[in-house]
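Chemist: After the sequence you'll find the predicted model.
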Amino acid sequence: MANWCSNTVVFEGNPQAIEQIQGLFVAIADKQKKEDAGQLPDFNTTCNGHFFDVYWDEGDTGIFQYQTRYAPNIETLIEIAEHYHATFTLRYEEMGTRLYGQATYREGIVTDISLEDEDFDTYEFDEETDTYHFEGKAYDSDCEILETLLERKTAK
C-alpha cells in the first residue's frame, strides 16, 4: 500500500490559462471518480505522478488539493504549467517518510526546498504530555514547527 503525499498547488498565469487549468482539474477529478483510479493529463509524457482525490474549495480557481503516491508529482505539474504557459507553487507533505516542502516553477526554473532529517530532529514529541517541544516551547501540533522550519530554509 502506498504512502500518500498530500499536495496543494496554486497556479498563476493569465486568466484564460487558469480557466483552462481549472477545466483540466475538473476533468481529472471526474474521471478519477468514475474510474476509481489515479489520473494524468492526456498530454503527460512521464507516465507517473497520478492525481488522486482532487478537490478545491468553492470559489477557488487555480488552487487544488490532491494526493499522490509516495512523493509530489512535480514533473507532471511542470508539464501542465508549460502546456498552459503558467507558473505554480506546490506545498507537499508525506510525514510517514518525513517529506515536507515547497516547490515553485517560474520562468522555466523549478526550485524545490524540503526539510531534511536534521530539520525534523530539532523538535521532539513528548508522549506523556502529548505535545511537541521546539526551541523551549510546547506545541499541540507539529504544523507550526514545520512551517517555521520551512520558512527558515526558504529564506536562505
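Modeler: That came through, no problem.
Chemist: Tell me the helix or strand right after the lengthiest helix in the chain.
Modeler: Longest helix in the chain by number of residues (criterion: DSSP state H): helix 15-35. Using DSSP states H and E, the next helix or strand after helix 15-35 towards the C-terminus is strand 52-55.
Chemist: And the closest residue to residue 20 other than its chain neighbours, how far from residue 112?
Modeler: Residue nearest to residue 20 in three dimensions, not counting chain neighbours: residue 84, with 5.4 Å by C-beta to C-beta, 6 or more residues apart in numbering. Placement of C-beta: from N, CA and C, glycine included. Using C-beta to C-beta, to the nearest Å, one gets 20 Å for the distance from residue 84 to residue 112.
Chemist: Then residue 85?
Modeler: 21 Å.
Chemist: try residue 79
Modeler: Distance, residue 79 to residue 112, using C-beta to C-beta: 16 Å.
Chemist: Neighbour count: the two, which is higher?
Modeler: residue 79 (18 against 13; other C-beta atoms under 10 Å).
Chemist: So that one sits against residue 46, correct?
Modeler: Yes - the criterion here is C-beta atoms under 8 Å, and residue 79 meets it with residue 46 at 7.1 Å.
Chemist: Secondary structure class of the residue of the chain most remote from its centre, three-state.
Modeler: Using C-alpha atoms, centre = their mean, the residue of the chain lying farthest from its centre is residue 128. It sits 32.1 Å away. In three-state terms, and counting by DSSP: H, G, I helix; E, B strand; the rest coil, residue 128 is coil.
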